[in-house]
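Enquirer: please find the sequence and the predicted model below.
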Amino acid sequence: MSTKAFFFDREAVAAALGMTGRQLQHRLSLEQARFSDMLDQARQDLALKWITHSDEPLARIADRLGFSEQSAFNRAFRRWTGVTPGAYRQRESPMPL
């Protein structure tokens with residue numbers, strides 16, 4: 001299994017933590033958390049970091065984050081920030097010297 005596939009698979013994450021998927025689900029529910037919410041937050045954090053601190057193409061970032069298409073990534077990013085990834089990158093890029 002690739003690293004990308006592992007990151008987005010609840011069963012694989014649970015196995016890496018030494019538990020079953022049901023045990024992971026139960027532990028998350030005790031914390032009033034959901035795997036999908038934590039995955040969404042991790043994707044958001046990584047997207048912001050990669051867009052701000054790299055010149056990696058947006059399509060590659062979308063793929064690395066596990067989005068099936070760049071348009072799905074664009075929609076999620078707009079939900080997170082209110083702007084498209086390209087507009088965010090342009091706004092947040094350091095000024096050249």
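Expert: That came in fine, so what should we check first?
Enquirer: N74 - nearest residue in space that isn't next to it in sequence?
Expert: Leaving aside its chain neighbours, N74 sits nearest to T84 (5.7 Å; criterion: Cβ to Cβ, 6 or more residues apart in numbering). For glycine as for every other residue, the C-beta is placed from the backbone atoms N, C-alpha and C.
Enquirer: and if you look at R27?
Expert: M19 (7.5 Å).
Enquirer: give me the secondary structure label for the one you found.
Expert: Look at M19: counting by DSSP: H, G, I helix; E, B strand; the rest coil, its state is coil.
Enquirer: quick one: R10 from T20, how far?
Expert: Distance of R10 to T20, given as Cβ to Cβ, to the nearest Å: 10 Å.
Enquirer: more neighbours: those two, which one.
Expert: R10 (16 against 12; other Cβ atoms under 10 Å).
Enquirer: does that one touch M38 like I think?
Expert: No. Judged on Cβ atoms under 8 Å, R10 makes no contact with M38 at a distance of 9.8 Å.
Enquirer: against A14, how distant is R22?
Expert: 8 Å.
Enquirer: so those two - more neighbours on which side?
Expert: Here R22 and A14 are compared on neighbour count by other Cβ under 10 Å; more neighbours surround A14, at 19 against 10.
Enquirer: not counting its neighbours along the chain, what's nearest the more buried one?
Expert: L24 (3.9 Å).
Enquirer: repeat that for F8.
Expert: Nearest non-adjacent residue to F8, counting by Cβ to Cβ, 6+ apart: G66, 4.5 Å away.
Enquirer: again with E11
Expert: Nearest to E11 is G21, by Cβ to Cβ, 6+ apart, at 4.5 Å.
Enquirer: right, and the one you found touches R27 too?
Expert: No. Using Cβ under 8 Å, G21 is not in contact with R27, being 10.9 Å away.
Enquirer: so after the helix ranked longest in the chain, what's the next helix or strand?
Expert: Ordering each helix of the chain by length in residues (DSSP state H) puts helix 35-53 first. Later in the chain than helix 35-53, the nearest helix or strand by DSSP states H and E is helix 58-64.
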